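>>> Below: sequence and its predicted model.
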Amino acid sequence: MEFYDVVNSRKTVRDLTDEAIPDDVLKRILSAAFKAPTNDHLRDWHFIIVTDKKVAAKLLELIPKGISPEDMDALIKDWDLNDHLQQECYRSAVPKQYRMLFCASAIIIPLLKEKTDILHPGNVSHLNGFASIWCSIENLFLAATAEGYGCNLRIPLGNEAEHAKEVLEFPDGYFMPCFIGIGKPSDENAPIKQKEIDIDERIHLNRF
């Protein structure tokens, strides 16, 4: 795919099949992740790939498997989601948090070597490493799109990151920013309408 076709095609896909991804394709996708900019020139990132469903079930066991309509309404109110399209996106995404990962071909866990306390930074510069791994994750998403795969992600809530560390046995000193599901989009996948942005209203020359 041409670059801008990839950019325009990339979207979060929460309905995936568990069809195995060839090792060489997965390696290409992860190699693209390591081409992202890095703050310290070391790219001290690691990626754990989970394909064993028993390991996946254990890894994800703290994630709710669904949400009631009443709880969904309460969440929307609590999070002050007033935009209609935004509400519809959340109504589609929240109930799928477990399934979108468990039903994927693989769950990818990115890890960043912590040099500062990311959750309690002393200044903005202390977040440079955190910013870098998110650049890496975007490269991964774009490479997966180019290969015909879809991705989704979940930011760990509560004790999910600590639980993942226990299950996957990664060393102390590594920070897990998210869970990533990757796989072929299933026939059930239906695009959710996104808010359209007029870039002319968002681009400012010389001053806001």
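All right, it came through fine. On a predicted model such as this, the values are computed, not experimentally measured, just so you know.
>>> what about the helices in the protein?
Assigned helices in the chain, in chain order: 3-9, 23-33, 53-59, 69-78, 84-93, 97-102, 128-146, 160-168, 199-202 (criterion: DSSP state H).
>>> Residue 108: how many residues sit nearby?
Summarising burial for residue 108: neighbours were counted as other C-beta atoms under 10 Å, giving 24. (C-beta placed from N, C-alpha, C; glycine too.)
>>> residues contacting it?
With contact taken as C-beta atoms under 8 Å, 6 or more residues apart in numbering, residue 108 is in contact with 30, 47-50, 140, 179-182.
>>> follow-up on the earlier one: can you list the helices of the chain in TSV and add mean pLDDT, mean neighbour count and distance to residue 113?
Listed next are the helices of the chain as TSV, based on pLDDT from 0 to 100; neighbours: other C-beta atoms under 10 Å; distance: least, C-beta to C-beta, whole Å:
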stretch	mean pLDDT	mean neighbour count	distance to residue 113
helix 3-9	95	11	29
helix 23-33	97	16	15
helix 53-59	98	15	21
helix 69-78	96	12	34
helix 84-93	94	14	30
helix 97-102	97	21	24
helix 128-146	97	20	8
helix 160-168	98	17	14
helix 199-202	95	6	34
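>>> in the chain, which residue is closest to the centre?
With the centre of the chain defined as its mean C-alpha position, the nearest residue by C-alpha atoms, centre = their mean is residue 153, 2.5 Å away.
>>> Switch the helices of the chain over to CSV; also include distance to residue 15.
Putting the helices of the chain into CSV (distance: least, C-beta to C-beta, whole Å) gives the following:
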stretch, distance to residue 15
helix 3-9, 16
helix 23-33, 19
helix 53-59, 17
helix 69-78, 18
helix 84-93, 10
helix 97-102, 7
helix 128-146, 15
helix 160-168, 22
helix 199-202, 29
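>>> Quick check: which of these is nearest to residue 208?
Closest approach to residue 208 among the helices of the chain is made by helix 199-202 (10.6 Å; C-beta to C-beta).
>>> what helices or strands is that closest one leaning on?
Of the remaining helices and strands, none touches helix 199-202 by 3 or more C-beta pairs under 8 Å, 6 or more residues apart in numbering; DSSP states H and E.
>>> Touching it from outside, list them.
Looking at helix 199-202 with C-beta under 8 Å, 6+ apart, no contacting residue turns up.
>>> Of the contacts of residue 108, which is the most crowded?
Most neighbours among those, by other C-beta under 10 Å: residue 181, with 28 neighbours.
>>> how far away is the closest residue to that residue other than its chain neighbours from residue 112?
For residue 181, the nearest residue in space outside its immediate sequence neighbours is residue 104; the separation is 3.5 Å by C-beta to C-beta, 6 or more residues apart in numbering. Remark: distance between residue 104 and residue 112 (C-beta to C-beta, to the nearest Å) = 22 Å.
>>> Comparing those two, which residue is more hemmed in?
Counting neighbours by other C-beta under 10 Å for residue 104 and for residue 112 shows that residue 104 has the greater number, 30 against 21.
>>> Nice, that's everything, thank you.
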